[in-house]
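A.B. asks: The sequence and its predicted three-dimensional model are supplied below.
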Amino acid sequence: MWMWGVAAAGMATLVAWGVHTMVPAIPLLTAAVLLGIVVGQLPVLRPALAGPLKPGLSLAAKRLMRIGVVLLGLKLSLVDIAALGWLTITTTVLIVLLTFFGTLWLGRRVGLPGNQPLLIATGFAVCGASAIGAMSGVIKAKDRETATPVALVTLCGTLAIGVLPLLWHPLGLTDLQFGHWVGAGVHDVGQVVATAQIAGSAALAVAVVVKLTRVLMLAPLVAGVAVYERRRAPAPVTPAGDVIGSPAAAPAARRPPVLPLFVAGFLAMVLVRTFVPLPASVLDSIDLVQTVLLAMALFGLGTAVRLTELVRTGGKALGVGLASWLLIALLALAAVFIS
């Protein structure tokens, strides 16, 4: 039953929280993904992962992910984003688009299979494994297709926590410039916080707002892919062979929605945060729920990763991931100097 897998994801989230508490430099969501990846490699646990735990882990990776993405919208205020100024907003949007389409092109160019190029591009351009989970729900990606992009974006985001601070002073960046660079170039929100906080509270504030501006791009990207998938999908037909929408047809099937429900919910939460004054206690409680849901979802995604297969067949994917990581870091650095 699904409840066993959900319970396992909940217990794993508690463990990840403990790891984050003991080592604050490791973001909670990163710890959850890494824990899922570790669990997925243990032969003794694989029968359970493929058997009684599978329905619940799949539910966590898909449904809980979508709820978490909806609640993520409450972190975003259009007022805070507008305060960045038109130049910073424009460069941030360009960074997302150039990274997304550049990574997508490279992934297809080197021959990555199935939906991997799209999922890698989404994760590296927007907000890491959370974005991958959101996009996979639109394109109906299989768990194995999702596993490699999740592993890559987690690896590169974790590397960023250690590498970017080493380049802070050699590049001659001020505290605020460093925060801008981190927000524009690091993948997951938690990884942004872990990286930017070493430069102080002002740098962290800039990093978070720039990062959340990138998160806002998840909605148009997912909606755009949904429209593309809808147009590409053949017209659904009834068992009698009638095209749905014709007088003789019955509603036996549907094309993918133009705007997925969870994306609409995400945008609605952004508007709520912008125009409705919510008490800090309410926002803190919702943030806790959102964090737990995403941690459970990312643990579920992590359990589908098989490192042996990634090492054996994922050389091209690793190359694309590293290239995308370098691309967004360089674009973000250029935006810092322009702004």
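C.D. replies: Cool, the structure landed.
A.B. asks: And the helix or strand of the chain with the lowest mean pLDDT, what does it pack against?
C.D. replies: For the chain, scoring each helix and strand by mean pLDDT, DSSP states H and E identifies helix 307-313 as the least confident one, at a mean of 73. The helices and strands touching helix 307-313, judged by 3 or more Cβ pairs under 8 Å, 6 or more residues apart in numbering; DSSP states H and E, are helix 28-41, helix 143-168. Using the backbone N, CA and C atoms, a C-beta is placed for each residue, glycine as well.
A.B. asks: May I ask which helix or strand encompasses residue 262?
C.D. replies: In this structure, residue 262 is located in helix 261-275 according to DSSP states H and E.
A.B. asks: try residue 141
C.D. replies: Counting by DSSP H and E, residue 141 is found in no helix or strand.
A.B. asks: In the chain, where is pLDDT below threshold?
C.D. replies: Applying pLDDT under 70 to the chain flags the ranges 1, 233-259, 313-314.
A.B. asks: which strands and helices sit next to the helix holding residue 262?
C.D. replies: helix 65-72, helix 78-82, helix 128-139, helix 218-232.
A.B. asks: and residue 202, what is it in contact with?
C.D. replies: 175-176, 179 (Cβ atoms under 8 Å, 6 or more residues apart in numbering).
A.B. asks: related to what we said a few turns ago, mean neighbour count and distance to residue 2 for the helices and strands packed on helix 261-275 - can I get that in CSV?
C.D. replies: Shown next, in CSV, are those (neighbours: other Cβ atoms under 10 Å; distance: least, Cβ to Cβ, whole Å):
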stretch, mean neighbour count, distance to residue 2
helix 65-72, 23, 15
helix 78-82, 14, 37
helix 128-139, 27, 17
helix 218-232, 17, 25
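A.B. asks: could those go into CSV alongside distance to residue 295?
C.D. replies: As requested, those are exported to CSV (distance: least, Cβ to Cβ, whole Å):
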stretch, distance to residue 295
helix 65-72, 9
helix 78-82, 25
helix 128-139, 10
helix 218-232, 18
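A.B. asks: about what we covered before: next, the buried residues of the least confident helix or strand of the chain.
C.D. replies: When burial is assessed from 16 or more other Cβ atoms under 10 Å, helix 307-313 yields the following buried residues: residue 310.
A.B. asks: Let me see the residues that make contact with it.
C.D. replies: Among residues not part of helix 307-313, those counted as contacts by Cβ under 8 Å, 6+ apart are 37, 41, 147-148, 151, 317-318.
A.B. asks: and if you look at stretch 67-87?
C.D. replies: When contacts are defined by Cβ under 8 Å, 6+ apart, stretch 67-87 is touched by residues 89, 92, 130, 133-134, 189, 209-210, 212-213, 215-216, 218, 262-263, 265-274, 278, 283, 286-287, 289-290, 293-294, 297, 338-339.
A.B. asks: if you set the cut-off to 7 Å instead, what comes out?
C.D. replies: Contacting residues not belonging to stretch 67-87 are listed as 89, 130, 134, 209-210, 212-213, 215-216, 262, 265-267, 269-270, 272-274, 283, 286, 289-290, 293-294, 297, 339 [Cβ atoms under 7 Å, 6 or more residues apart in numbering].
A.B. asks: Appreciated, that's everything.
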